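Novice: Provided below are the primary sequence and the corresponding predicted coordinates.
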Amino acid sequence: MEIILLQDVNKLGQKDDIVNVKDGYGRNYLIPRGFALAATTSAKKMHAENLRQRAHKEEKIKAAAQEIATKLEGFKITVGAKTSSSGKIFGSVNTIQIAESLKEKGFDIDRKNITLPLDQIKEVGSYKAVVKLHRDVKVEIEFEIIGE
């Protein structure tokens, strides 16, 4: 079944992508929840027209994301965490703490757009995270975890 995504769906695609999914997944999950629309010929024509009209606005948004990416390039933040004497963190560091540290520095980035290299970071040290600012603009930032 071919569908048009109405919003970003994790591990499937971005908004306005036309993707193929299994019939049951499309009919029973994506379409009823408003995540997608069946890609009929008329829907594809309307989708193409909407994309053409939105292209100019999209360029401005991409340029703004590119500007933020140049500011974030080479940017290093520090995240404090309670640690034991051996350097192990009590709990773990996650995207929420990184987003808060970036907010303190003046960058308002949603935590959902930050991807950590490991599932859980449990030791003091330097790590890198990927920040997705736009569907085509991603930047890698370095963060260091220090003990409090």
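Specialist: Happy to help now that I have it. Numbering: from 1, shown residues only.

Novice: mind listing what's buried in the lengthiest strand in the chain?
Specialist: The longest strand of the chain (DSSP state E) is strand 138-147. Neighbour-count burial for strand 138-147, counted by 16 or more other CB atoms under 10 Å, picks out Val139, Ile141, Phe143, Ile145. Every C-beta, even on glycine, is put in place using the N, C-alpha and C of the backbone.

Novice: any idea of the pLDDT on the first one?
Specialist: Going back to what we said before, that points to Val139. Looking at Val139, its pLDDT is 92.

Novice: dump the residue contacts of it.
Specialist: Under the criterion of CB atoms under 8 Å, 6 or more residues apart in numbering, the neighbours of Val139 are Ala69, Leu72, Glu73, Val130, Val131, Leu133.

Novice: quick one: secondary structure of the fourth one?
Specialist: What DSSP: H, G, I helix; E, B strand; the rest coil gives for Val130 is strand.

Novice: residues in contact with the residue lying closest to it once chain neighbours are set aside?
Specialist: Counting by CB to CB, 6 or more residues apart in numbering, Val130 lies nearest to Thr115, which is 4.5 Å off, once chain neighbours are set aside. Thr115 makes contacts with Thr95, Ala129, Val130, Val131, Lys132, as judged by CB under 8 Å, 6+ apart.

Novice: what's the first helix or strand after the helix ranked longest in the chain?
Specialist: When the chain is scanned for its longest helix (criterion: DSSP state H), the result is helix 41-72. Sequence-wise, the next helix or strand downstream of helix 41-72 (DSSP states H and E) is strand 76-81.

Novice: who does the helix or strand just after that next one touch, helix- and strand-wise?
Specialist: Remark: after strand 76-81, the chain's next helix or strand is strand 88-93, criterion DSSP H and E. Judged by 3 or more CB pairs under 8 Å, 6 or more residues apart in numbering; DSSP states H and E, strand 88-93 is in contact with strand 76-81, strand 121-123.
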